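Novice: Just a sequence and a predicted model for now, questions to come.
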Amino acid sequence: MPTSFTMLRRRVTARALHAVAAGLTAATLIAFSLPASAAQITIRTELYDRAAKLKRLFPPRSLAGTDGAKAEDSNAFTALDAVSAERFGETSPAVLRIEGEIVKGDAEKVRKALEDWSHYPLIVSFDSPGGVFAEAFRIAEALRYDIEGQDPRIAGLIVFAGDECLSACAIAFAASVDRVHPETDTRFVERGGKLGFHMPYIPEGTDTSGTGAQEMLGLGYDVAAEMVALLQDSANPPELLLRMLRHRTASSFYVLNGDLETWRMGFTPVALPETVAPIGPSGLDTAAIGLLCNLHLRAGPFRMSGAEDEFTNFQPFLSEGASSADLPLLTQLLSSGKNSFDITGGWFSCQVRVDDTAKIGIAIWRGNAGCEDAAVREPGEFCAAPATGVDTVSNFFLAEAYSCRNDAVLPGTFNDESSPKIKRDVYLRDAPGRSGQVVTTLSAGSEVAVTGCRVTADDQGVWYAVSRPGAEGWVSARFVGGHAESFAYRGERFAIDPPADGEGAN
């Protein structure tokens with residue numbers, strides 16, 4: 001019987017993690033033999049603007065967010081900027097580039113580069129196949145010394161699109177986390193970048209006798225202890241270690257590419273600014289908001305018990321014979337003059353807010369305090385409420401709620417029992433986006449086949465490619481109902497061992 005992430009997580013207590021660390025050492029060593037040349041450490045001023053302008057795809061990940069506390073600043077509405085635009089005293093900002101295999105002495109070169117204050121601030125870029133794990137620890141220590149200081153010079157760490165940071169490099173990247181300022185969010189992976197983890201291993205034919213065996217044992221403890229520290233500080237979830245443990249050879253990696261999986265593992269996916277945009281309220285109904293809240297909770301950083309996972313659901317309750325087409329639109333709720341609404345979910349609450357520019361934000365916090373005055377508090381109940389701090393919803397976040405990734409609809413989004421139908425009358429266009437020419441009108445209730453999808457920078461954010469007899473084209477995903485995937489249970493949707501039928505696989 002498959003073991004879900006929820007079941008596994010219950011077993012990974014702090015004591016169990018230390019036991020795992022001890023058990024790892026029997027099969028650990030450096031992942032690469034020593035290369036002929038060291039990594040190249042360079043200052044690249046021409047790369048800074050590219051890095052500084054990248055936008056976040058999902059809400060901020062930070063060490064402060066795992067308990068699900070309600071935002072202290074009720075007026076907060078986070079931006080999509082990855083790197084803070086407030087850089088007082090900026091002087092020739094640059095990217096500190098770490099390229100090539102990591103060998104002994106590279107950490108000292110990084111320290112020397114950080115001592116040169118002619119460039120402020122710095123963003124550190126990694127492009128390395130790995131190398132010596134012990135030196136990777138020292139690189140992380142050098143970077144963290146700056147990041148955790150009172151006047152940090154490093155504004156972020158980045159794996160650019162087209163670059164890769166594997167093995168020992170991935171450990172250096174992950175370990176360079178700010179534990180002193182938990183509200184910061186600085187480990188970025190651009191869409192198309194490659195962050196790859198595996199456990200250190202013993203190459204075939206290695207003599208494990210004598211002092212070499214002791215060195216291997218010590219290195220194994222060091223690697224495992226560093227990962228356990230990240231988990232205990234909530235910088236990354238226990239699932240990261242569980243997935244790493246499955247990759248124990250030179251060519252096997254658990255790879256993060258700057259998508260939802262990257263966010264789930266505690267890092268921050270980013271993309272070019274022209275591709276990332278906030279979404280607007282037009283056509284968004286309470287079912288879509290329920291999807292966003294469920295996804296935020298299940299893929300986000302929040303610690304949950306099995307009961308909390310099982311009995312929290314922000315999807316609106318549908319009475320017998322009703323469908324999602326009968327649910328109210330957000331624009332209808334806004335017509336009341338209110339712009340912030342709580343949604344009941346069970347163990348957690350969610351809020352959706354719309355600001356003066358029609359930008360949408362959501363927030364999740366622990367406790368079922370939403371809609372306390374409502375006569376009926378079914379899951380997914382909406383009510384006007386005082387504003388709380390929220391995170392801007394991007395088009396990529398909405399795309400994941402609609403199970404759209406890399407121009408394809410993920411398996412399990414629809415099935416034979418829950419097939420796609422048009423919710424409300426909608427224009428069928430010849431291209432994704434409002435600029436597409438109208439082909440025809442699809443009537444509410446029309447059955448369609450969803451053949452693809454596209455993320456766009458307009459107010460709709462996500463478009464489905466649909467077809468039916470005699471017509472094919474594009475419609476806003478907001479007008480298509482029938483989704484089988486509702487992100488109502490973390491233990492299924494994001495299971496390490498997905499169900500045998502393939503549904504719920506990540």
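Specialist: Sure, I can see it.

Novice: ok, and the helix or strand in the protein with the lowest average confidence?
Specialist: helix 5-11 (a mean of 34; mean pLDDT, DSSP states H and E).

Novice: how about the strands in the stretch 201-350 of the chain?
Specialist: 254-256, 268-271, 340-344, 348-354 (DSSP state E, counting those that start in this stretch).

Novice: I'd like to know how far the residue nearest to Cys453 when sequence neighbours are not counted sits from Phe396.
Specialist: Distances taken as Cβ to Cβ, 6 or more residues apart in numbering put Cys404 closest to Cys453, at 3.7 Å, once the chain neighbours are dropped. From N, CA and C alone the C-beta is placed, and that goes for glycine too. Distance, Cys404 to Phe396, using Cβ to Cβ, to the nearest Å: 9 Å.

Novice: neighbour count winner among the two?
Specialist: For Cys404 versus Phe396, the count of surrounding residues by other Cβ atoms under 10 Å is larger for Phe396: 29 against 25.

Novice: Which helix or which strand is home to that one?
Specialist: Taking DSSP states H and E as the criterion, Phe396 maps to helix 395-401.

Novice: can you give me the helices in this structure?
Specialist: For the chain, the helices defined by DSSP state H cover 5-11, 14-24, 48-52, 106-115, 133-147, 168-175, 211-232, 238-244, 260-264, 286-299, 306-310, 330-334, 395-401, 490-493.

Novice: for those, which one ends up most surrounded?
Specialist: helix 168-175 (a mean of 27; mean count of other Cβ atoms under 10 Å).

Novice: how far is that one from where the chain is centred?
Specialist: In terms of Cα atoms, centre = their mean, to the nearest Å, the centre of helix 168-175 is found 18 Å from the chain centre.

Novice: Convert it to CSV, retaining C-alpha atoms only.
Specialist: Extracted in CSV, the C-alpha atoms of helix 168-175 (Å, rounded to 0.1, in the frame of the first residue of the first chain):
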residue,chain,number,x,y,z
ALA,A,168,27.4,19.7,-3.3
CYS,A,169,26.3,22.9,-4.9
ALA,A,170,22.7,22.3,-4.0
ILE,A,171,23.8,21.8,-0.4
ALA,A,172,25.7,25.1,-0.4
PHE,A,173,22.6,26.8,-1.9
ALA,A,174,20.2,25.3,0.6
ALA,A,175,22.4,25.9,3.6
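
Novice: on contacts alone, who are the packing partners of it?
Specialist: Counting by 3 or more Cβ pairs under 8 Å, 6 or more residues apart in numbering; DSSP states H and E, the packing neighbours recorded for helix 168-175 are strand 122-127, helix 133-147, strand 194-197, helix 211-232.

Novice: Generate TSV for the helices of the chain, with distance to Glu472 as supplementary columns.
Specialist: Shown next, in TSV, are the helices of the chain (distance: least, Cβ to Cβ, whole Å):
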stretch	distance to Glu472
helix 5-11	38
helix 14-24	51
helix 48-52	37
helix 106-115	54
helix 133-147	51
helix 168-175	43
helix 211-232	48
helix 238-244	39
helix 260-264	28
helix 286-299	23
helix 306-310	39
helix 330-334	28
helix 395-401	21
helix 490-493	30
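
Novice: And those helices: which comes nearest Pro182?
Specialist: The closest of the helices of the chain to Pro182 is helix 133-147. By Cβ to Cβ, the value is 12.1 Å.

Novice: I'd like to know which elements that closest one is packed against.
Specialist: helix 106-115, strand 154-159, helix 168-175, helix 211-232.

Novice: any weak-confidence spans in the protein?
Specialist: 1-37, 63-64, 85-87, 201-214, 216-217, 219-220, 369-370, 374-377, 497-506 (pLDDT under 70).

Novice: what's the first-to-last distance across stretch 40-56?
Specialist: 28 Å (Cα to Cα, to the nearest Å).

Novice: tell me how far it is from the chain's mean position?
Specialist: Using Cα atoms, centre = their mean, the offset of stretch 40-56 from its chain centre is 21 Å.

Novice: now swap in stretch 132-152 and tell me
Specialist: Per Cα atoms, centre = their mean, the centroid offset for stretch 132-152 relative to its chain is 24 Å.

Novice: next one: stretch 411-425
Specialist: 26 Å.

Novice: Next: stretch 41-59.
Specialist: That offset, for stretch 41-59, works out to 18 Å (Cα atoms, centre = their mean).

Novice: Give me the most central residue, this protein.
Specialist: Trp263 (1.6 Å; Cα atoms, centre = their mean).

Novice: what sits in contact with each of Cys404 and Phe396?
Specialist: Common neighbours of Cys404 and Phe396, using Cβ atoms under 8 Å, 6 or more residues apart in numbering, are Val455.

Novice: mind checking the end-to-end distance for stretch 412-425?
Specialist: Start-to-end, stretch 412-425 (Cα to Cα) is 25 Å.

Novice: try stretch 158-167
Specialist: Note: stretch 158-167 ends 16 Å apart using Cα to Cα.

Novice: what does it contact?
Specialist: Taking Cβ under 8 Å, 6+ apart as the rule, stretch 158-167 contacts 31-32, 50-51, 54, 95, 123-131, 133, 172-173, 188-198, 253, 258, 270.

Novice: Now it: buried residues?
Specialist: By neighbour count on 16 or more other Cβ atoms under 10 Å, the buried set for stretch 158-167 is Ile158, Val159, Phe160, Ala161, Asp163, Glu164, Cys165, Leu166, Ser167.

Novice: go on, stretch 361-381?
Specialist: Under 16+ other Cβ under 10 Å, the buried positions of stretch 361-381 are Gly361, Ile362, Ala363, Ile364, Trp365, Arg366, Gly370, Cys371, Pro379, Gly380, Glu381.

Novice: Quick check: the two most widely separated of those residues?
Specialist: The farthest-apart pair in the buried residues of stretch 361-381, when distances are taken by Cβ to Cβ, is Gly361 and Pro379, at 21.4 Å.

Novice: now the closest residue to Gly130 other than its chain neighbours: how far from Pro200?
Specialist: Nearest residue to Gly130, sequence neighbours excluded (Cβ to Cβ, 6+ apart): Ser167, at 2.8 Å. The spacing between Ser167 and Pro200, counted by Cβ to Cβ, is 8 Å.

Novice: follow-up on the earlier one: can you redo the strands of the stretch 201-350 of the chain as JSON lines with mean neighbour count?
Specialist: Formatted as JSON lines, the strands of the stretch 201-350 of the chain follow (neighbours: other Cβ atoms under 10 Å):
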{"stretch": "strand 254-256", "mean neighbour count": "21"}
{"stretch": "strand 268-271", "mean neighbour count": "26"}
{"stretch": "strand 340-344", "mean neighbour count": "24"}
{"stretch": "strand 348-354", "mean neighbour count": "25"}
